[in-house]
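Visitor: Sharing a model that was predicted from the sequence below.
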Amino acid sequence: MSILLLALLGVCLLQSTVAHRLAIGGVQPDLFLVLVFGLSLSTRTELATVGGFMIGLYQDSLSGAPLGLNAFTLSLIGFLVSQLSRQVKTAEPATRFALLFLAGIVSGLTTLLVLRFFQVFRPVASTILWTVLPGAIYTAILGAGVLAMPRLRGMRGLGR
Amino acid sequence: MTRLLVRYRRPLILSSTLLLSFVLMTLQVRSQSPLADLTKRMLLTTISPILRIAAVSKATTVSLWKEYIDLRRVRRDNQLLREEVSQFRVQVGELQEAAQENSRLNYLLQLGSPSGTEAVAAKVIGKDVTNWFRTILIDKGGKEGIQRHMAVVAPEGLVGRVVDVTARAARVQLITDPESSIGCLVQRSRVAGVAAGSQAGAVQIKYLPLMADVVVGDRVITSGMGGIIPKGIPLGKVIRSSRPNGALFQETEVQALADFSRLEEVMVLKRPPEGDLPSGGGKRLP
């Protein structure tokens, strides 16, 4: 758990200080999603879900999003990825990339739906085309790269 | 019941988190509840000190980095500026040199002006290589209309006269040369004599009567006798005067006004033109 907290702290710092510098065309990688993804691959579903919820809450607190928006999305992602990782071999970088990409798409679409539910309307097509899709690709590339690093490959201690 | 909970714990946990998230969002968006704001503020409070430290660290790092970059740039600029300063110093030196030369030549021209004598400026290009004679070599010669016996002056006073001429150069006998003899006057008392050089490099005034009024500090000028050297050119200053017993003339020593050790430019005074101005070879003074 302490490692998770440290990782969360690190991601908070990186996302708030560095990520915007890595933005390409205004799209920056979602390091919180990468963290939840890594957590989901390395721990039980319950912890991944709760962890996703907590991480999402922190993401909400650091953004202008209503509290709970990212908590909702990331807890769902944590649950889904954790469930999928039981059925799919996730050791391959390509698989991780694909899963992370899917997670990004799901996260984006869920956010879009939830916002719509709360009467915050965004143009669906252009949001998917210019925000969700590039964000998912960028996050998948970066996340797959980060998770492929030798020390992070296991990420087994993340949930401890 | 417990078994059911354990069995469906995952969907239950997911449902709980989703529901909680939904409630939080509803509280904030729909009912503007302070609870959501408070929660958000609490979360932010836990992370903000670290973010602040990170921001400060980042700012410090960026500042240090920029200072380092600036320092490197400053060092490079400094190097360039030093090189430029060196070049400018050389240029300034050259300009100062030119200005001084210009000033000296102007003075020389003015010196030649009152007598209405045509003058040619020349640079000293060599000095006598023996201890027996005291001459200098100048860079103007017959091509510029310079002839033997022409007077040569410096800004301070008389230098000597031309003794040898080639097409492009001329040799000038200094007034300190042992063979030099020039008619002179003590400016204050108008006593006439002959300024002659000596082996020691001093100028002595010969043929001054014992009763002549000469005191230390008197200025000595050329007398114009002989018609070669114009009258009134400063020659020197009396530094010693004595009347030895039994001698026919005073022994008077004069210090030349021109500093021969630092001569760089001189002016050769040509004879006053007869009739119309010549078409070339020199510069007509106003």
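Guide: On my side now, so go ahead. Numbering: from 1, shown residues only, chains lettered A, B, ... in the order given.
Visitor: packing partners for the longest helix seen in chain A?
Guide: With secondary structure taken from DSSP state H, chain A has its longest helix at helix A:93-117. Helices and strands touching helix A:93-117, by 3 or more Cβ pairs under 8 Å, 6 or more residues apart in numbering or on different chains; DSSP states H and E, are helix A:31-42, helix A:69-85, helix A:124-127, helix A:133-147. (Each C-beta comes from the backbone N, C-alpha and C, glycine too.)
Visitor: interface residues of the stretch 1-150 of chain B facing chain A?
Guide: Taking Cβ under 8 Å from any Cβ of the partner chain as the contact definition, the stretch 1-150 of chain B meets chain A at B:9-10, B:13-14, B:17-18, B:20-26, B:28-30, B:36-37, B:39-40, B:43-44, B:47, B:50-51, B:54-55, B:58.
Visitor: Residue B:133 touches residue B:177, doesn't it?
Guide: Yes. Using Cβ atoms under 8 Å as the test, residue B:133 is close enough to residue B:177 to be in contact (5.7 Å).
Visitor: neighbour count winner among those two?
Guide: The neighbour count for residue B:133 versus residue B:177, taken as other Cβ atoms under 10 Å in any protein chain shown, is higher for residue B:177 (23 against 17).
Visitor: Make sure residue B:122 is indeed in a helix.
Guide: No. Under DSSP: H, G, I helix; E, B strand; the rest coil, residue B:122 falls outside any helix and is assigned strand.
Visitor: Now stretch B:223-231 - C-alpha only, PDB.
Guide: Output of stretch B:223-231 as PDB, limited to C-alpha atoms (Å, rounded to 0.1, in the frame of the first residue of the first chain):
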ATOM      1  CA  SER B 223      68.300  84.100 -37.700                       C
ATOM      2  CA  GLY B 224      67.600  83.500 -41.300                       C
ATOM      3  CA  MET B 225      71.200  84.400 -42.300                       C
ATOM      4  CA  GLY B 226      72.200  82.800 -45.500                       C
ATOM      5  CA  GLY B 227      68.700  82.600 -46.800                       C
ATOM      6  CA  ILE B 228      68.400  78.900 -46.500                       C
ATOM      7  CA  ILE B 229      66.600  78.500 -43.200                       C
ATOM      8  CA  PRO B 230      63.800  80.900 -42.600                       C
ATOM      9  CA  LYS B 231      64.100  83.300 -39.700                       C
END
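Visitor: How about the contacts made by the residue lying farthest from the centre of chain A?
Guide: Distance to the chain centre peaks in chain A at residue A:119, reaching 24.0 Å (criterion: Cα atoms, centre = their mean). When the contact criterion is Cβ atoms under 8 Å, 6 or more residues apart in numbering or on different chains, residue A:119 has no partners at all.
Visitor: how close does it sit to residue B:29?
Guide: From residue A:119 over to residue B:29 the distance is 8 Å, taken as Cβ to Cβ, to the nearest Å.
Visitor: Repeat that for residue A:50.
Guide: Taking Cβ to Cβ as the measure, residue A:50 falls 23 Å from residue B:29.
Visitor: swap in residue B:152?
Guide: Separation of residue B:152 from residue B:29 (Cβ to Cβ): 105 Å.
Visitor: okay, those two: which has more neighbours?
Guide: Using other Cβ under 10 Å, the more surrounded residue of residue B:152 and residue B:29 is residue B:152, with 29 against 19.
Visitor: Validate this expectation: the more buried one resides in a strand.
Guide: Yes. According to three-state DSSP, residue B:152 belongs to a strand.
Visitor: I'd guessed it sits against residue B:270; true?
Guide: No. Assessed by Cβ under 8 Å, residue B:152 is found out of contact with residue B:270, at 10.8 Å.
Visitor: In contact with the residue nearest to the spatial centre of chain A, which residues are there?
Guide: Closest to where the C-alpha atoms of chain A average out (Cα atoms, centre = their mean) is residue A:33, at 1.0 Å. For residue A:33, the contacting residues are A:74, A:77, A:100, A:103-104, A:107, A:139, A:143, by Cβ under 8 Å, 6+ apart.
Visitor: Please repeat the previous calculation with a cut-off of 10 Å.
Guide: For residue A:33, the contacting residues are A:11, A:52, A:55-56, A:59, A:70, A:73-74, A:77-78, A:81, A:100, A:103-104, A:106-108, A:135-136, A:139-140, A:143, by Cβ atoms under 10 Å, 6 or more residues apart in numbering or on different chains.
Visitor: where's residue B:142 relative to chain A, distance?
Guide: From residue B:142 over to chain A the distance is 81 Å, taken as Cβ to the nearest Cβ, to the nearest Å.
Visitor: I'd say that residue and residue B:170 touch.
Guide: Yes. Counting by Cβ atoms under 10 Å, residue B:142 does reach residue B:170; the two are 7.9 Å apart.
Visitor: how far does the helix or strand containing residue B:241 sit from the chain's center?
Guide: Under the criterion of DSSP states H and E, residue B:241 resides in strand B:234-242. Distance of strand B:234-242 from the chain centroid (Cα atoms, centre = their mean, to the nearest Å) equals 34 Å.
Visitor: helices or strands up against that strand?
Guide: The contact analysis (3 or more Cβ pairs under 10 Å, 6 or more residues apart in numbering or on different chains; DSSP states H and E) places strand B:234-242 against strand B:158-165, strand B:181-186, strand B:203-206, strand B:219-222, strand B:251-256.
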